[in-house]
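Q: Structure, please.
(one chain, ligands or ions: 1)
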Amino acid sequence: MSRNTPWIILLCKFSDDPGMSTLRSIADYAAFFAGDDPDSIPSYWRDISNGELDLVTGTEISPWLQLKQKRSDHKGLDTRKDLFQWAKAAGRDAGIDFGRFFGVTVFFSVATDLFGTSDSPHVVCDLLSSPAQIQQEYGHAYGLKHSRSVVNPIDYRNPFCTMSSMIFGTDDVVFRRVDPTFPGRWGASGPGLCSPYVLASGWLPEPRSVKVASNGRYPSSTLLDLSPLGDMNPTHPQVAVVDFDTPQSVRYCIEYRRGGWDRGIFYDPIVLHQVRADGLSYYAGLIRPFKAGSGGDATHPLPAVSAGKWYVDQQYDLSVEFIAMSPDRGMVTLRIAPAAGARTLSVRGIAASKLQLTGSFSIGNQVLTRKEEPLRGRLIDLLGR
Ligand SMILES: [Zn+2]
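A: This is a model prediction of the structure:
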């Protein structure tokens with residue numbers, strides 16, 4: 001059963017607006033803000049909430065409203081709060097009953113501002129705002145905070161969350177500067193919402209997350225299959241959760257990201273997030289199932305899956321090993337285990353697959369007895385990655 005949250009969209013012009021030829025028709029704005037167009041704001045939040053949020057029923061859009069204020073009356077942050085009141089006043093003059101709506105979207109015809117808040121939920125945006133940006137402001141209206149990253153624990157640093165849009169992607173060491181959005185019907189859209197915020201909002205039905213047994217210091221070695229986080233009809237769980245109390249109280253969330261609103265993230269990563277005591281989500285790292293240097297969209301098809309990749313935490317006794325991906329890429333198999341075990345496994349894996357060192361081996365001995373300097377160098381290089 002979904003929660004109906006009707007919005008009123010106020011299309012606003014300042015009194016001295018010269019009129020811009022770049023504006024779309026009211027029907028277009030209605031399709032984007034109020035309709036179930038596949039790339040609309042209501043469709044985004046319906047999908048992200050797994051159908052829990054209904055932003056279509058009861059949502060209305062105003063005709064163009066002329067504000068009493070001039071564009072020059074808006075003085076940046078000083079008048080940010082006033083923008084909402086100015087727009088509401090124009091709406092009341094036009095006979096709008098605000099009591100019927102959960103939230104108010106104020107859309108300006110000229111570059112004005114961009115923000116959202118859950119405090120009498122409202123979003124202010126303008127003709128320059130991209131869907132990805134507006135999606136985040138709606139997230140604020142539903143009470144979501146910005147997301148962060150472990151290596152840079154400040155706002156906007158989670159490459160895999162709409163609550164970091166604008167500068168997301170910046171702390172992804174492997175994919176630095178790779179934009180996680182995609183060009184949709186209305187402009188740059190996506191990505192999805194990180195799983196900690198999906199869970200905290202109650203938007204993932206219980207059987208769709210799985211808790212990995214843990215003694216607080218490390219998890220039990222567990223093999224599991226995950227469907228993509230954004231999959232509407234998943235055949236497997238979509239989030240694996242591991243709780244730690246050592247060295248600190250942290251919840252790890254592990255998810256597989258591909259397709260849907262994540263289709264701008266073309267390389268199908270397995271993504272790890274921490275939820276800390278502050279309740280915020282911190283991007284911790286990723287596993288990329290494909291070989292390095294490859295692209296993965298229509299023009300750059302991905303090469304074969306390379307099994308044996310892993311994530312090993314530097315602080316918590318946690319490893320995640322990529323085992324396999326189904327041929328249609330709709331499922332990944334992972335092993336979640338203490339870190340020490342994975343290090344051993346991975347050294348063996350590398351030795352066997354990259355250096356053809358096999359058998360009941362001692363890697364050190366084999367490398368030393370071969371006395372091949374390039375081999376030692378390669379091993380050090382591979383392990384150092
Ligand atoms: Zn924000």
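
Q: Can you give me every residue that contacts the closest residue to residue 57 other than its chain neighbours?
A: Of all residues not flanking residue 57 in the chain, residue 4 sits nearest, at 5.2 Å (CB to CB, 6 or more residues apart in numbering). Any C-beta I mention is one placed from the backbone N, CA and C, and that applies to glycine too. Contacts for residue 4 (CB atoms under 8 Å, 6 or more residues apart in numbering) come out as 54, 57, 58, 102.

Q: Buried members of those residues into ChimeraX, please.
A: Per 16 or more other CB atoms under 10 Å, the buried members of the contacts of residue 4 correspond to this ChimeraX selection:
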select :54,102
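
Q: can you put the contacts of residue 4 in TSV and add pLDDT, secondary structure and distance to residue 235?
A: What follows is the contacts of residue 4, written out as TSV (pLDDT from 0 to 100; DSSP: H, G, I helix; E, B strand; the rest coil; distance: CB to CB, whole Å):
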residue	pLDDT	secondary structure	distance to residue 235
54	98	strand	26
57	97	coil	30
58	97	coil	34
102	98	coil	34
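
Q: Looking at the contacts of residue 4, spot the one nearest residue 238.
A: Within the contacts of residue 4, the smallest distance to residue 238 is 21.3 Å, found for residue 54 (CB to CB).

Q: The closest one contacts residue 36, doesn't it?
A: No - between residue 54 and residue 36 there is no contact under CB atoms under 8 Å: 10.0 Å.

Q: And the helices in the stretch 201-350 of the chain?
A: 339-355 (DSSP state H, counting those that start in this stretch).

Q: Low-confidence ranges, it, go.
A: In the predicted model, the stretch 201-350 of the chain carries pLDDT under 70 at residues 291-308, 341-350.

Q: switch to 50 and redo it
A: For the stretch 201-350 of the chain, the stretches with pLDDT under 50 are 298-300.

Q: Just the strands from it, written as ranges.
A: Using DSSP state E, counting those that start in this stretch, the strands found in the stretch 201-350 of the chain span residues 209-211, 222-226, 239-244, 250-256, 270-275, 281-287, 310-312, 319-325, 332-337.

Q: Parallel or antiparallel, which strands does the last one pair with?
A: Same thing as strand 332-337. Take DSSP bridges as the rule and strand 332-337 pairs in its sheet with strand 222-226 (antiparallel), strand 319-325 (antiparallel).

Q: got TSV for those strands, with distance to residue 234 too?
A: Listed next are the strands paired with strand 332-337 as TSV, based on distance: least, CB to CB, whole Å:
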stretch	distance to residue 234
strand 222-226	9
strand 319-325	15
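
Q: of all the ones you listed, which lies closest to residue 64?
A: strand 222-226 (46.8 Å).

Q: Name the residues that touch the closest one?
A: 210, 212-213, 236-240, 254-256, 270, 323, 331-337.

Q: Go through that strand and flag the buried ones.
A: 222, 224, 225, 226.

Q: so the third one bridges to which residues?
A: With DSSP bridges applied, residue 225 shows beta-bridge pairing to residue 333.

Q: Model confidence for the residue nearest to residue 57, exactly?
A: At residue 4, the pLDDT value in this model is 97.

Q: That one and residue 52: what is the separation?
A: Using CB to CB, to the nearest Å, residue 4 is found at 11 Å from residue 52.

Q: Residue 78 too?
A: 37 Å.

Q: So for whichever strand or helix holds residue 27, mean pLDDT?
A: Using DSSP states H and E, residue 27 sits within helix 26-33. Helix 26-33 carries an average pLDDT of 97.

Q: Go through it and flag the buried ones.
A: Applying 16+ other CB under 10 Å to helix 26-33 flags 29, 30, 31, 32, 33 as buried.

Q: chain center to that helix, what's the gap?
A: On the basis of CA atoms, centre = their mean, to the nearest Å, helix 26-33 sits 25 Å off its chain's mean C-alpha point.

Q: From the rest of the structure, what touches that helix?
A: 7, 9, 11, 37, 39-42, 59, 61, 63-64, 105, 107, 131, 186.

Q: Can you tell me which of the residues you listed are classed as buried?
A: Counted by 16+ other CB under 10 Å, the contacts of helix 26-33 give 7, 9, 11, 37, 39-42, 59, 61, 64, 105, 107, 131, 186 as buried.

Q: Show me those residues that map onto helices.
A: Those of the buried ones among the contacts of helix 26-33 mapping onto helices are 41, 42, 131, per DSSP state H.

Q: how close does the second one get to residue 48?
A: As judged by CB to CB, residue 42 and residue 48 stand 11 Å apart.
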